[in-house]
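Asker: I'll drop the sequence and a predicted model, then ask my questions.
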Amino acid sequence: MTSRITNGVLFKVFLRSFLLQASWNFERMQNLGALFILAPALRRLYDRETLPAVFRRHLAYFNTHPYMACPVLGASLALEDKAARGEAGSLGVEEFKGMIMAPYAAMGDAFFWGGLRPLAAGAGLFLAAKGSLWAPLVFLLFFNVPHLWLRGVGLFRGFRLGVRVVDIIQRHRIPDLAVRCKEATIVLLGAFSAYLVFQGAQERELAGGWGLLLMPLMVGLVVLVRRGWSTLFLVLSGAGLVLALTGLLM
């Protein structure tokens with residue numbers, strides 16, 4: 001039996017996903033936003049008599065990372081589609097959302113807030129320091145393209161695959177990507193610091209080779225990050241050492 005949720009309906013759901021946190025509340029977090037997102041599809045699946053009960057079911061507690069919500073909601077729609085056709089399995093929508101929203105929130109926080117955003121900001125800052133007008137655009141593209149891709153692809157594939165979308169997300173190894181982004185940020189900040197030292201040395205007619213003294217520091221920071229040390233602590237410590245060394249050189 002063909003689903004009544006068409007690609008056009010899914011596109012409406014995708015557009016509404018940007019308003020997930022518009023009705024955020026302390027008691028049930030993102031539940032109103034999640035219901036608002038799913039409403040166009042749910043109206044296609046259920047009649048007016050059944051719809052109020054379905055809406056109340058989706059008013060339960062819901063809270064996850066806003067960029068990771070689309071795979072969850074897409075798979076939830078797949079479960080609702082099966083339920084509307086009388087093909088409900090052993091796993092209900094409430095159970096699925098309850099199991100998956102917390103792990104996805106942790107992965108999203110680690111990757112987008114802790115990994116990708118600092119890396120994108122560092123890339124934009126590097127270009128801005130070199131006087132490039134592309135710096136704001138690079139930052140916006142660097143950060144927004146991945147999460148827009150995850151929103152769109154996650155929603156459509158979540159609906160097509162149902163609960164199997166969890167396997168797709170797992171294959172991308174998002175926690176490992178978060179670590180790689182943090183390591184890349186450390187390297188980028190090291191290069192940025194070396195560039196600033198080189199610029200300062202040129203202004204004071206010092207040999208640019210002094211900047212090579214920073215290389216062991218940056219390599220050491222990367223090694224410590226890989227061993228689990230706090231990235232923020234290392235960045236602040238590295239910045240302090242760079243500033244101290246730069247002062248001595250100048």
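Answerer: That came through fine.
Asker: My reading is that residue 65 is in a strand; is that accurate?
Answerer: No - assessed with DSSP: H, G, I helix; E, B strand; the rest coil, residue 65 is coil; it does not lie in a strand.
Asker: So for it, what pLDDT did the model give?
Answerer: Listed pLDDT for residue 65 reads 91.
Asker: surely it meets residue 110?
Answerer: No - counting by C-beta atoms under 8 Å, residue 110 is not a contact partner of residue 65; they are 9.3 Å apart. (Glycine included, C-beta is placed from N, CA and C.)
Asker: which one of these two has more residues nearby?
Answerer: Between residue 65 and residue 110, counted using other C-beta atoms under 10 Å, residue 65 has the larger neighbour count: 22 against 19.
Asker: How about that one, nearest residue that isn't a chain neighbour?
Answerer: residue 108 (2.5 Å; C-beta to C-beta, 6 or more residues apart in numbering).
Asker: Now name the helix or strand holding that neighbour.
Answerer: Secondary structure assignment for residue 108, by DSSP states H and E: helix 93-108.
Asker: Any idea how far that helix is from the middle of the chain?
Answerer: Distance of helix 93-108 from the chain centroid (C-alpha atoms, centre = their mean, to the nearest Å) equals 15 Å.
Asker: any weak-confidence spans in this structure?
Answerer: Applying pLDDT under 70 to the chain picks out residues 1-2, 88-90, 200-250.
Asker: Per the annotation, how does it divide into domains?
Answerer: 1-172, 174-250 (automatic domain parsing).
Asker: winner for burial among the ones you listed?
Answerer: Compared across these, domain 1-172 shows the largest average neighbour count, a mean of 17 (mean count of other C-beta atoms under 10 Å).
Asker: Figure out how far that one is from the centre of its chain.
Answerer: What separates the centre of domain 1-172 from the centre of its chain is 11 Å, taken as C-alpha atoms, centre = their mean.
Asker: State which helix of this structure is the longest.
Answerer: helix 174-203 (DSSP state H).
Asker: still on that earlier bit, helices or strands up against the helix holding residue 108?
Answerer: helix 69-84, helix 165-171, helix 174-203 (3 or more C-beta pairs under 8 Å, 6 or more residues apart in numbering; DSSP states H and E).
Asker: Residue 102 is nearest to which of these?
Answerer: Checking the helices and strands packed on helix 93-108 against residue 102 by C-beta to C-beta gives helix 69-84 as the closest, at 10.6 Å.
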